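# pasting the sequence and the predicted coordinates here, then a few questions.
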Amino acid sequence: MKHIGVVMFGGTGQRFGSNEPKQFLPCGDHPLMAETLCNIASMSCIDEIYVVTHPDYIDETNAIIDEFVPGRIFGVIPGGETRHESVENALGYFEEKGEDVNAIIAIFDGDRPGIDESIVQENMMYAESEGAAVTAIRSTDSVFLSYDGETVQEYLDRRNVFLAQTPQTFRLGIILEAYKQCENPTTDDASLVEALGYRVNVVEGSIANNKITYPEDLARYLSSRR
């Protein structure tokens, strides 16, 4: 089975407090986008890599690819207004080009540069044998539900609570079906697959793979690399 990595770079930098998307901000001596792509491009378990980016930033994305990972990216796909639409665009691209429905699609958040290859390999293994896998870490905090945002309604047993990461990995045919059947768009691909009744295997993630959402997250990531 072909193993395809799809790396999502759709942000505009709002939550990061930047005037430009965070993927173009410095991460050490190169942009965050380059940090993530260089890491994924070094993985022997991935045959092809595609980047999904906002249509306004295709030129900047191609410039980074040409400088830091030339020859490793197979295409840049224009994203949509939301992450859901961006993934949908990528899946539509693979369907249109006639990609094998048994190809394995690993969907990465571009702002998780600390992903380890062993996690990706385990995702691929489960997706090949079972059809779907999600990377996640166990919650170490107490977790409760608040439906009004002001009062506590219900505490959850944190032993049963997991925090989803990426990659989330699927056979192409399964994730295509999930998106075509979807009635309520979401930012979590595995939830759509689970809603159709497919078994989704959990792959243990890592705090090193946490998402870079705020400036302090980037500072913490850079500090961990020293």
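It's in.

# I'd like to know which elements the host helix or strand of residue 119 is packed against.
In this structure, residue 119 sits in helix 117-129 according to DSSP states H and E. The contact analysis (3 or more Cβ pairs under 8 Å, 6 or more residues apart in numbering; DSSP states H and E) places helix 117-129 against strand 104-109, strand 132-138, strand 162-171, strand 201-204. For glycine as for every other residue, the C-beta is placed from the backbone atoms N, C-alpha and C.

# now these in a markdown table, with distance to residue 125, mean neighbour count and mean pLDDT?
Formatted as a markdown table, the helices and strands packed on helix 117-129 follow (distance: least, Cβ to Cβ, whole Å; neighbours: other Cβ atoms under 10 Å; pLDDT from 0 to 100):
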| stretch | distance to residue 125 | mean neighbour count | mean pLDDT |
| --- | --- | --- | --- |
| strand 104-109 | 10 | 26 | 98 |
| strand 132-138 | 8 | 22 | 98 |
| strand 162-171 | 9 | 24 | 98 |
| strand 201-204 | 9 | 17 | 98 |
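
# would CSV of those with distance to residue 79 be doable?
CSV is the format used below for these (distance: least, Cβ to Cβ, whole Å):
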stretch, distance to residue 79
strand 104-109, 12
strand 132-138, 21
strand 162-171, 15
strand 201-204, 25
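
# before we move on, back to that, return the distance of the helix holding residue 119 from the chain's centre.
Put simply, helix 117-129 sits 14 Å off its chain's centre (Cα atoms, centre = their mean, to the nearest Å).

# now swap in stretch 132-149 and tell me
18 Å.

# would you put the C-alpha positions of that stretch in PDB?
Extracted in PDB, the C-alpha atoms of stretch 132-149 (Å, rounded to 0.1, in the frame of the first residue of the first chain):
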ATOM      1  CA  ALA A 132      -8.100   3.800  10.800                       C
ATOM      2  CA  ALA A 133      -5.900   5.100  13.600                       C
ATOM      3  CA  VAL A 134      -5.700   8.300  15.700                       C
ATOM      4  CA  THR A 135      -2.700   9.500  17.700                       C
ATOM      5  CA  ALA A 136      -3.600  10.600  21.200                       C
ATOM      6  CA  ILE A 137      -2.200  11.100  24.700                       C
ATOM      7  CA  ARG A 138      -4.000  10.400  28.000                       C
ATOM      8  CA  SER A 139      -5.300  13.400  30.000                       C
ATOM      9  CA  THR A 140      -3.200  14.100  33.100                       C
ATOM     10  CA  ASP A 141      -5.700  16.700  34.300                       C
ATOM     11  CA  SER A 142      -9.100  16.400  35.800                       C
ATOM     12  CA  VAL A 143     -11.700  16.900  33.100                       C
ATOM     13  CA  PHE A 144     -15.400  18.100  33.500                       C
ATOM     14  CA  LEU A 145     -18.200  19.200  31.300                       C
ATOM     15  CA  SER A 146     -19.800  22.600  31.500                       C
ATOM     16  CA  TYR A 147     -22.600  23.200  29.100                       C
ATOM     17  CA  ASP A 148     -23.100  26.900  30.000                       C
ATOM     18  CA  GLY A 149     -19.400  27.700  30.500                       C
END
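
# thank you kindly, that will do.
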